[in-house]
Structures are given as structure tokens and as C-alpha cells.
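Enquirer: sequence unavailable; structure follows:
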């Protein structure tokens, strides 16, 4: 992908050199939906960074001044004009507006340059920061899937199912939010 720059960030393809920063937040993911991405060690982090470097749907979010990886976005094309989006940030960089800044830039790119008609995201019902981010991006809640998916098990090995919300935004809704 062509890099996208914002006031403070650069969105770009992953590089193998991102392994250490990727390990910093994937050695113990905060959001349960990313538990399957848990990295055991730096060797696993190097392999993951290398794999992501070959996938334009995996987007590294870096500080513009230092190029330090602070999180990532994904944009998986589901249909010709529909894309599933999401984000995962190093907790050391939360609360500073980076996720909103990065996601807004990605949404603008997808709607204005890539011709996407619809974006959607899945968020666990207990992940209030991601729900607020969706709403700040202009996404509307479309549905609630009860006991939709399991990312972990209880002490007896039974799946713990989580409720999942779906948020979405259409290009025409995005366009109506832009200043004239």
C-alpha cells in the first residue's frame, strides 16, 4: 500500500524490523479477539512481522517522527465494495487519540480512494473503548450477536462465549459528515 500520513502518524506496510514493537503488544493482547495472535517470543514476532509485511490488508500505524510502530489496523475486503475493519494498539499509546486519527485516515482512504461503499467492524460488548471509537468515526450499531464467539475457555475447558456488536458506516454517511 502507499503510505498514508496524518498530522502525527504514518500508516504503512509492516516491515520485518517492526517485530520488537509488535511483540510489545501481542505478547499479551488486551482485547480477547486478538488472543489467537498472542506471540510467545521474539522469533514468533519476527515471523509475524514478516508475514504481515506481505499483506496490504495489515497496516502498521507508526509515529510519523520516529517511525515507531504503536499499533495496527486491518482492512479485509469481504465483497467488491465492503470491507471489514479493525484496530489493535499498544496499551502504552492509548488515550492519545492515535486510534481515532489512524482509523479516520484509513476510512477516508477506503471511501475516497479505494471506492468502498461500506465498512463494518465487530466489537465485543465489553470493549467500551472500541465501541466509543466506532461511534466517534460515525459508525452506527447494526446488531448484537449473543454468545457469538469464544476466544477462551473456563477452568473446565468449556468455551466462554462473548456477545459481539456490529458497527458499520456507508460511504454516503461518511460523505455527509465531511465539512463542505
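Expert: Arrived safely. What you see is a predicted model; the values in this text were computed from it and never measured.
Enquirer: all strands of the chain, in order?
Expert: Under the criterion DSSP state E, the chain contains strands at 4-5, 9-13, 58-63, 69-79, 82-89, 118-124, 140-153, 159-170.
Enquirer: direction included, what does the fifth one pair up with?
Expert: Strands that pair with strand 82-89, judged by DSSP bridges, come out as strand 69-79 (antiparallel), strand 118-124 (parallel).
Enquirer: wait, residue 13 sits on residue 1?
Expert: Yes. Applying Cβ atoms under 8 Å, one finds residue 13 in contact with residue 1, separated by 5.8 Å. Any C-beta I mention is one placed from the backbone N, CA and C, and that applies to glycine too.
Enquirer: between the two, which contacts overlap?
Expert: Among the neighbours of residue 13, those also in contact with residue 1 (Cβ atoms under 8 Å, 6 or more residues apart in numbering) are 56, 59.
Enquirer: now for this protein, the helix or strand with the poorest mean pLDDT.
Expert: Least confident helix or strand, the chain: strand 140-153 with a mean of 85, by mean pLDDT, DSSP states H and E.
Enquirer: show me how far that one is from its chain's centre.
Expert: On the basis of Cα atoms, centre = their mean, to the nearest Å, strand 140-153 sits 17 Å off its chain's mean C-alpha point.
Enquirer: ok, stretch 132-151 next?
Expert: Relative to where its chain is centred, stretch 132-151 has its mean C-alpha point 13 Å off (Cα atoms, centre = their mean).
Enquirer: how about residues contacting it?
Expert: Outside stretch 132-151, the residues within contact range by Cβ under 8 Å, 6+ apart are 32-33, 35-36, 87, 99-100, 103-104, 107, 119-121, 123, 125, 159-169, 173-174, 177.
Enquirer: ok, now stretch 78-95?
Expert: With Cβ under 8 Å, 6+ apart as the criterion, stretch 78-95 contacts 21, 24-26, 29-31, 33-34, 37, 61, 69-77, 98-99, 102-103, 106-107, 110, 115-122, 129-130, 133.
Enquirer: now it: average pLDDT?
Expert: If you average the pLDDT over stretch 78-95, you get 94.
Enquirer: and that stretch, what's buried?
Expert: Within stretch 78-95, the residues that count as buried by 16 or more other Cβ atoms under 10 Å are 83-90, 93.
Enquirer: residue 43 is nearest to which of the strands of the chain?
Expert: Among these, strand 69-79 comes nearest to residue 43, with 17.7 Å by Cβ to Cβ.
Enquirer: where are the low-confidence patches of this protein?
Expert: For the chain, applying pLDDT under 70 flags the ranges 32-33, 35, 179-180.
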